[in-house]
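[1] sequence plus the predicted model coming up.
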Amino acid sequence: MRFRRHARLLVMCVRRELQRTPQRTFSSSRVSHNGYYLLLPAVPPDTEQSNPLLRTDREPQYDIISDKNVLSGLGKIAINYESAFYQLEEDIKKSPENATFEAVFDPLDRLNHTLVHAFTTAKTLSCGKTSPQLEDALLQSEQAVYRCRCLPNSSQTLFKAVKEIAKQRDLSEPQKRVVSRALLEARLNGAELSQQDHNVYQSILATLSEKQQTFRSRLVKSSAQFSSSILNPAAMEEAPLSVLGRFGRDPADSTRMSVTLKTPVYDAFMMYCRDSKMRRDAWQAFVGRAGFRDADLNNSLIIEDIRLMRSKEAKLFGYENYAELSMETKMARSVKHVMTSLSELTLPSKVKCQSDLVELQDFANKSGFNEDLQLWDMAYWRRKQREANFQISESEVQSYFQYPVILEQLFQLCKDLFNVTIKESNGALVWHRDVKRYQIFDEDDREIAGFYLDPYARPGQKGLMPRLELGQSKSVAAGSLPLASLLFSFQPPNASNPSLLTYEDVNVFFEKFGSSMQHLLTTMPYGDISGTNNVEWDALHVCGSTMRMLLQSPVVLKRLSRHIDTGKEIPDDLVRRLYQSEKHLSSLDLLSEMYFGILDLSLYTKTDFWLDITKDVWRNMMPFALDKRDSHPCGFAHIFIGPYAAGYYTFLWSEMVAADVFAAFGEAGFTNDKALRQTGKLFRDTFLSLGGGCHSAEVFRRFRGRDPSPQALLRLYDIV
């Protein structure tokens, strides 16, 4: 189910963030606010002729960009950005009456285009052709790039000019969104605070950063403390060789495998280890990370400090609590709306989950397990029951999903639904011979976007995680068309067979491709609101999830399939078993996702001690008793040091909205070509076209004619 995939990827992303400590490298020379001159590095001597990264008016020249080009090129662009921005400020001060929408935002769009083009080119190159030198160059440059992106939000001159622009009555809808976005970001960065309150705000941010560093450090150290040798190899004999390869070796005895709390290892261990006591020990270590077992590494009071700082920040900006502040950038708009929608999902999910767990307990008992199932038993017995009930052979499934066939049919599906044509480009400058560049043409045969596709695994050269890197955005002022890069790690072809994809691979492919479509098919003329830019957080994954959900139609799934030997479509029985296997115990996954979302919002709306809040939410949501050794919020990095504070629910919300969007395609009928094309056109004209140029709640209303219904998600996952 999608939530399990999301959880694995999210944890891996947060783990990378735990290790990132970008350093300030580049800046520009200017007079500081206290009148002193800042002594800063000289401007790098790079030019467009000497550094291909600076050629931001054309396609990236991936084949010749080096790590040195990245370090000096991003430094040069950052300094030029700051200089040009300060000049824009001066122009506005000299002639405030001339500060029209075009005079202010067109130069900003051009500046942002240059910065984003260069930085995303470097990031994409790092993803597809990684090296320690390139990673280091990016890391050293990140702070300068981030500082440039923050400049408009911290400029009083720009803030005052934009407030005047907002009063103009002839602004178009996209222009109003650009203006409202700029005003909101400036306000939430302190533009309306007095000097005294601004000092308080800076103090809050400094304390918050310090506490987050402590949380991060303790979590990393606590996680590293656990390592257990697998003394009995028979305990892992059910694991395939590909899974066993994730495990390290015991330093004291290299013949023995060891289990750690690293996500790929821990997940595999909990799924395949036959010994319940060994699973219990690993589970207790995982949910007890940075908890009460070790006073020196306990994050309990740090959680309270982080909550307090965010509460102070919210009140400083005039909000009752931090969750209310967070809702400023959300489709749901209010905590009450989120809670009401989730409550519609709760009771049906609980009823279905109780029934599912009774069946799982019965299966485990009949299989020789004579104890009550506990949380540490779930992953193992779920897998056993799923394999017994549905008997799916991964190699059999793969034999139906040839990458070239899937790609061809995916492009045809985009033609059928969105009336766009995708063609391969010739002579593209790429980072590897496997990479292809494609152009997208509209119904009038006009090129409207392009993307790179890097499909195959290259161990040691690129990471295993699927990536979507959004390059330059559509911008009339900058004269740029949208550009994106999709990178996967599918099984490479060999001399006798093409690349064969698992069902999971096909789902990931469709989801990433769907997300890229929102970026690539936008019609918004301003970079700040085109594609996914300025899309509310809880609607950010709607397009990707909708595209993935299309695979829930047997008609769509069959058109993608062609057996490697016989050429036949995937049979109905195998399709049915795939769907059933995917939704197996989805009720428990949905309850877990709701639990974490509600816990997050509760921690940032209530003032009770975090453990009391946890016990209360757990009691209302989860079908198991909370273990007295379970202190999992002490390791909940996503909401305490990651970007999802009072926003963890956003993944579930996107899934809920996407399920309702997918239902519209189902109502049209996947065998009714005319109705399906009409629904696809409406989806393109709303979600894919408008992007951040219209509030996501209004985008949905234009598509569906009403607000989203949680019932669609319950139906999609066979809960009702």
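    Structure received.
[2] going forward, measure contacts between C-alpha atoms and count neighbours the same way
    Fine.
[3] any chance you could map the helices in the stretch 101-250 of the chain?
    Under the criterion DSSP state H, counting those that start in this stretch, the stretch 101-250 of the chain carries helices at the ranges 101-128, 132-150, 156-165, 173-187, 195-225, 241-244.
[4] can you say which of the ones you listed is packed in most?
    Using mean count of other CA atoms under 10 Å, the stretch among those with the largest mean neighbour count is helix 101-128, at a mean of 21.
[5] which strands and helices lie in contact with that helix?
    Counting contacts by 3 or more CA pairs under 8 Å, 6 or more residues apart in numbering; DSSP states H and E, helix 101-128 packs against helix 67-94, helix 132-150, strand 467-470, strand 483-490.
[6] mind listing the strands the third one pairs with, and their directions?
    Looking at strand 467-470 with DSSP bridges, its partner strands are strand 483-490 (antiparallel).
[7] max-length strand in the chain?
    With residue count as the measure and DSSP state E as the assignment, the chain has strand 447-456 as its longest strand.
[8] against which helices or strands is it packed?
    With contacts defined as 3+ CA pairs under 8 Å, 6+ apart, strand 447-456 has these neighbours: strand 436-441, strand 483-490, helix 503-520.
[9] show me what contacts residue 85?
    Listed by CA atoms under 8 Å, 6 or more residues apart in numbering, the contact set of residue 85 reads 108, 151.
[10] which residues are in contact with residue 493?
    Contact partners of residue 493, counting by CA under 8 Å, 6+ apart, are 499, 500.
[11] on that earlier part again, can you put the helices and strands packed on helix 101-128 in TSV and add mean pLDDT and distance to residue 211?
    Written out in TSV, the entries for the helices and strands packed on helix 101-128 read as follows (pLDDT from 0 to 100; distance: least, CA to CA, whole Å):
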stretch	mean pLDDT	distance to residue 211
helix 67-94	96	30
helix 132-150	94	20
strand 467-470	96	31
strand 483-490	98	35
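[12] out of the ones you listed, which gets nearest to residue 400?
    strand 483-490 (14.7 Å; CA to CA).
[13] tabulate the CA atom coordinates of the closest one in CSV.
    What follows is strand 483-490 as a C-alpha-only set of coordinates in CSV (Å, rounded to 0.1, in the frame of the first residue of the first chain):
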residue,chain,number,x,y,z
LEU,A,483,12.1,21.1,-17.4
ALA,A,484,12.3,18.1,-15.1
SER,A,485,14.4,15.0,-14.6
LEU,A,486,13.2,11.6,-13.5
LEU,A,487,15.7,9.1,-12.1
PHE,A,488,15.0,5.5,-11.2
SER,A,489,16.9,2.3,-10.4
PHE,A,490,15.0,-0.3,-12.4
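[14] and the angle for that strand with helix 101-128?
    Strand 483-490 runs at 20 degrees relative to helix 101-128, counting by axes from the mean of the first three to the mean of the last three CA atoms, to 10 degrees.
[15] could you check the angle strand 483-490 makes with helix 503-520?
    Orientation of strand 483-490 against helix 503-520 (the same axes, to 10 degrees) gives an angle of 180 degrees.
[16] ok, residue 372 - how many residues close by?
    Per other CA atoms under 10 Å, the neighbour tally for residue 372 reads 10.
[17] hang on, the earlier thing: list the contacts of the longest strand of the chain.
    Outside strand 447-456, the residues touching it (CA under 8 Å, 6+ apart) are 128, 434-442, 481-492, 520-521.
[18] include distance to residue 609 when you put the helices of the stretch 101-250 of the chain into a markdown table, please.
    Formatted as a markdown table, the helices of the stretch 101-250 of the chain follow (distance: least, CA to CA, whole Å):
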| stretch | distance to residue 609 |
| --- | --- |
| helix 101-128 | 41 |
| helix 132-150 | 34 |
| helix 156-165 | 39 |
| helix 173-187 | 30 |
| helix 195-225 | 17 |
| helix 241-244 | 40 |
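[19] and residue 599, which of those helices is closest to it?
    helix 195-225 (18.3 Å).
[20] what mean pLDDT does that closest one have?
    Computed over helix 195-225, the mean pLDDT rounds to 97.
[21] surely residue 386 touches residue 579?
    No - counting by CA atoms under 8 Å, residue 386 stays clear of residue 579, with 11.5 Å between them.
[22] distance to residue 548 for the helices and strands packed on helix 101-128 - can I get that in TSV?
    Below are the helices and strands packed on helix 101-128 laid out as TSV (distance: least, CA to CA, whole Å):
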stretch	distance to residue 548
helix 67-94	35
helix 132-150	31
strand 467-470	15
strand 483-490	15
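[23] quick one, which of these is nearest to residue 331?
    strand 467-470 (21.8 Å).
[24] re earlier: quick one: closest of the helices of the stretch 101-250 of the chain to residue 617.
    For the helices of the stretch 101-250 of the chain, the distance to residue 617 is smallest for helix 195-225, at 22.6 Å, taking CA to CA.
[25] mind giving me the packing neighbours of the closest one?
    With 3+ CA pairs under 8 Å, 6+ apart as the test, helix 195-225 has helix 300-316, helix 637-640 packed against it.
[26] switch the cut-off to 6 Å
    With contacts defined as 3 or more CA pairs under 6 Å, 6 or more residues apart in numbering; DSSP states H and E, there are no secondary structure elements packing on helix 195-225.
[27] determine how far it lies from the middle of the whole chain.
    On the basis of CA atoms, centre = their mean, to the nearest Å, helix 195-225 sits 23 Å off its chain's mean C-alpha point.
[28] can you state the direction angle for that helix and helix 300-316?
    Going by the same axes, to 10 degrees, helix 195-225 makes 150 degrees with helix 300-316.
[29] in stretch 404-416, what's buried?
    Neighbour counts over stretch 404-416 (16 or more other CA atoms under 10 Å) mark 405, 406, 409, 410, 412, 413, 414, 415, 416 as buried.
[30] want to throw those residues into TSV with secondary structure?
    Putting those into TSV (DSSP: H, G, I helix; E, B strand; the rest coil) gives the following:
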residue	secondary structure
405	helix
406	helix
409	helix
410	helix
412	helix
413	helix
414	helix
415	helix
416	helix
